[in-house]
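[1] structure for this input, please:
(one chain, ligands or ions: 1)
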Amino acid sequence: MSDGNRLPAFFRLERFEELDSTNEELKRRATRGVGEGTLVWAGAQTGGRGRRGRSFVSPPGNLYMSMLLRPERAPARAAQLGFAGALAVGEAALPLLPPAADLAYKWPNDVLIDGRKTSGILLESQATASGALDWLIVGIGVNLVSFPPGLETPATSLTASGAAPVAPETMLAKVAGRFLFWYERWLGEGFAPLRQAWLARAHGLGQPIRVRLGDGESEGRFAGLDEEGALLLESGPVRRRITAGDVFPAAR
Ligand code: BTN
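    The predicted model follows:
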């Protein structure tokens, strides 16, 4: 699909004015057996969900979408598609932004503009009894015209960052198109090209960071991503692989 403003034929769109959560709606459909490429889009969410049990404030005007995938890959590997989601949002947003805007990817899957979060991604999956991947949902929220104040990681929107106004349906098609591009590369070539593209705009690479884990915090230098997508945290001679957590600048 070459026209980035039209939804690629791979997707089957289910559009709602309002939902509890596009991820929840797609999960209900996934368990009923709907196919790969089902795309749920809502104009607003009353129970938008973020990573680690957080809520995702979802008023009208922004983009809330969830895509269903059923790749024949191990569940742990499929988590790499969160990076495809971030790249898709970044590549859809970049042409709309002023040249001076600094668009960066924050591990694992956030998109920042000038250091403020404009998009978040929530992956959810289910395995079969034998441990194979049954389905994966990639849920993407993009602040187009508004953003919640007072978050621990400060937020922004595309318009507040100086972007040309974009309608949610236009952004939906752009993000879905770029996502499909990266999904197909991942299927054919694995994680390496995604890793390279993500690292080229990684936020805080080489810098001291603090990672909040389930059971506490660790500090070190953000030394990159490994071949699987884990964050590499270096403290002196020790290098740790972090597979889940929240990243902040190191305390001074
Ligand atoms: C995060 O930043 O923690 C992830 C936010 C993910 C939000 C999107 S909006 C569309 C989809 N539906 C949800 O309930 N969550 C995701």
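
[2] which ones are touching the residue in the stretch 51-200 of the chain that the ligand sits nearest to?
    Nearest residue of the stretch 51-200 of the chain to the ligand, counting by Cβ to the nearest ligand atom: Gly120, 2.0 Å away. All C-beta atoms are positioned from the backbone trio N, CA, C, and that covers glycine. By Cβ atoms under 8 Å, 6 or more residues apart in numbering, the contact set of Gly120 is 50-51, 56, 109-110, 140-141.

[3] ditto for Gly245
    So Gly245 contacts 211-214, 231 (Cβ under 8 Å, 6+ apart).

[4] and which of those is nearest the ligand?
    Using Cβ to the nearest ligand atom, Arg212 is the member of the contacts of Gly245 that sits closest to the ligand, with 12.9 Å.

[5] got phi/psi on Glu217?
    Backbone torsions of Glu217, given as degrees, to the nearest 10, read phi -130, psi 150.

[6] skip the chain neighbours and tell me the closest residue to it.
    Nearest in space to Glu217, with sequence neighbours left out and distances taken as Cβ to Cβ, 6 or more residues apart in numbering, is Arg210 at 5.7 Å.

[7] check what pLDDT the one you found gets.
    For Arg210, the pLDDT comes out at 94.

[8] got a list of what it touches?
    Residues near Arg210 by Cβ under 8 Å, 6+ apart: 217-219, 247-251.

[9] any of those buried? List them.
    247-248 (16 or more other Cβ atoms under 10 Å).
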